[in-house]
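[1] 3D, please:
(one chain, ligands or ions: 1)
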Amino acid sequence: MPFWDKEMETLPRAELEEMQVKRLKATIARSQRSVFYRTRLKEIDESRFNKPEDVALLPFTTKTDLRNNYDFGLVTVPKNEIIRMHASSGTTGKATVIFHTRKDIETWAELVARCIVMTGAGKGDVFQNIISYGLFTGGLGLHYGAEKVGMLTIPSGVGNTKRQIQLMKDFKTTVFHATPSYILYVSEVMVEEGYDPNGFDLRIGFVGAEPHSEKTRQRIEDTFDIDAYNSYGMSELNGPGVAFECEEKNGMHLWEDRYLLEVVDPRTGEELAPGEEGELVVTTLDREAMPIIRYRTGDLARIVDEGERCACGRTHVRISRIKGRTDDMLIVKGVNLYPSQIEDVLMSFPEVAATYQIVLKRESSLDTLTVRVELNPKLFDGDLRKLKKLEYEITKNIQDEIEVRPTVEFHEPGSLPRSEGKAVRVIDLRGEL
Ligand code: DLL
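    Residues are numbered from 1 along each chain as shown. Got it, this is the predicted structure:
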């Protein structure tokens, strides 16, 4: 079983927790050098922090706090100590900017190196980083970790899909990193270009940055004949490298020597019992330039098997697949649902291609939910009776899952919009009609 930093990755829980408390205290002290936390944490007495759960004595930090303190309001070092800036991918409002010192970049690369090696990838692999470089953290985040472990790293970025395929073929790429939606699009272009997606040298894929279901993972694995590993992170917490699956593929290990995790009820902010699904709240434990305390990630997940050691030997906690974001939740006809539930049903039908859209409208004050899907040309022969049956089954299975009856629309293969970055799945027109 390969490890990048075996001692730290398998540190006994008691030692890990002791380290967390020490680092939490240091983080509180350091954060008070920033304009924002100096007032926010004014009368905090560090001696009250004796166990990791004591972090709950501190107030939350939200995205709004980061926006209101744009640009350097959370920074704790002189400007000339900062060597990198990234920004979150939010499309509305002011960007959220994150700064790093040289040590922060080094720590981040170390965490990503752990993730990579944990999947069985490493030196000797040819790594194609098919994800956006730039302010988005996916590109440079994986890049630095990949170089650290010694992979031949191809910074191919997103787009120019035919060239991506050419690079994969010519340089015998063995490992890729991409969003699940884009890599499935790459497989479609491969087929169009006359290639068999599982005829390449690929063996491992890192997929993340957007919600995707277990079925979508399986589809990626089957399409390319690889092992695909889920990767979770966000710019505010560096980017990728926060939590990643090991070869067990049973939850993502979150690196607890660097991040302190809580799972809270998104409405009340109260701590939930272990194993309950809620919002992830994370405190950075040794970031220099920009420590963040109790950050409300907005992401919904639960802790998997708390206290039980993973078969891989790592002691760091595992989180489940991300179900969605608190702000992703759709309320349709009064029912709460997440796009990932619909995706799960769709991907269980091999006749359905990977790109889909959920369209919400309001007709005579009633919500309607339409699911637009493309058929997989390889598996569908145009028989109308089969099409009717498929429509009936998809409709029924979605209704069973979400308790709302959808209208299922079939679209020509390749006709729904593709995205190179994070896929846009939901079109909510209810405010407009
Ligand atoms: O998406 C960082 C990243 C890059 C992670 C590459 C993994 C791979 P942001 O652009 O700040 O950062 O978006 C963060 O994306 O709060 C989640 O809602 C969502 N997200 C990230 N990874 C996953 C995942 C990067 N594996 C936001 N599953 C997060 C589901 C994910 N959602």
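[2] from the chain's centre, how far out does stretch 69-82 sit?
    Distance of stretch 69-82 from its chain centroid, counting by C-alpha atoms, centre = their mean, to the nearest Å, is 26 Å.
[3] same question for it, mean pLDDT?
    For stretch 69-82, the per-residue pLDDT values average out at 97.
[4] going forward, begin numbering at 397 instead of 1
    In the new count, where the first residue is 397, that last one comes out as stretch 465-478.
[5] Now it: buried residues?
    By neighbour count, and taking 16 or more other C-beta atoms under 10 Å as the criterion, the buried residues in stretch 465-478 are 465, 468-473, 477-478. C-betas here are computed from N, CA, C, even on glycine.
[6] Kindly report the same for stretch 691-704.
    Residues 691-700 are the ones in stretch 691-704 that count as buried (16+ other C-beta under 10 Å).
[7] any chance of the residues you listed in CSV, plus distance to the ligand and pLDDT?
    Written out in CSV, the entries for those read as follows (distance: C-beta to the nearest ligand atom, whole Å; pLDDT from 0 to 100):
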residue, distance to the ligand, pLDDT
Y691, 10, 98
R692, 10, 97
T693, 5, 96
G694, 6, 95
D695, 5, 96
L696, 9, 96
A697, 9, 97
R698, 14, 96
I699, 16, 96
V700, 14, 94
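[8] quick one, strands of the stretch 597-746 of the chain?
    Ranges of strands within the stretch 597-746 of the chain are 600-604, 623-630, 635-641, 648-650, 655-660, 674-680, 691-697, 699-700, 714-715, 720-721, 726-728, 731-733, based on DSSP state E, counting those that start in this stretch.
[9] Check which helices and strands the fourth one is in contact with.
    If contacts are counted by 3 or more C-beta pairs under 8 Å, 6 or more residues apart in numbering; DSSP states H and E, strand 648-650 sits against strand 623-630, strand 635-641, strand 714-715.
[10] most tightly surrounded among those strands?
    strand 635-641 (a mean of 27; mean count of other C-beta atoms under 10 Å).
[11] mind listing the helices for the protein?
    If DSSP state H is used as the criterion, the helices of the chain fall at 402-405, 409-427, 431-436, 459-464, 498-514, 533-545, 557-566, 576-588, 610-620, 735-742, 780-798.
[12] got the residues of this structure near the ligand?
    Residues of the chain found near the ligand, taking C-beta under 6 Å from any ligand atom as the criterion, are 484-485, 532-534, 604-607, 626-631, 635-636, 693, 695, 718, 721.
[13] try 5 Å this time
    Counting by C-beta under 5 Å from any ligand atom, the positions of the chain adjacent to the ligand are 484-485, 533-534, 604-605, 607, 627-631, 635-636, 695, 718, 721.
[14] any low-confidence regions in the chain?
    Within the chain, the set of residues satisfying pLDDT under 70 comprises 485-489, 702-703, 828-829.
[15] try it again with 80
    In the prediction, the chain carries residues with pLDDT under 80 at positions 397, 485-490, 701-704, 760-761, 773-778, 827-829.
[16] Show me it divided up by domain.
    Residue ranges for the domains of the chain, per automatic domain parsing: 397-722, 726-824.
[17] Single out the most deeply packed of those.
    domain 397-722 (a mean of 19).
[18] Determine how far that one lies from the middle of the whole chain.
    Domain 397-722 has its average C-alpha position 7 Å from the chain's average C-alpha position, going by C-alpha atoms, centre = their mean.
[19] Check the separation of the first and last residues in stretch 601-619.
    Taking C-alpha to C-alpha, to the nearest Å, the span from the opening residue of stretch 601-619 to its closing residue is 12 Å.
[20] and if you look at stretch 681-692?
    The first and last residues of stretch 681-692 sit 15 Å apart, counting by C-alpha to C-alpha.
[21] now do stretch 799-815
    Stretch 799-815 has an end-to-end distance of 29 Å (criterion: C-alpha to C-alpha).
[22] Would you mind listing the outside residues contacting it?
    Contacting residues not belonging to stretch 799-815 are listed as 577-578, 581, 584, 728-729, 731, 733, 738, 749, 751-753, 764-773, 783, 787, 790-791, 794-795, 820 [C-beta atoms under 8 Å, 6 or more residues apart in numbering].
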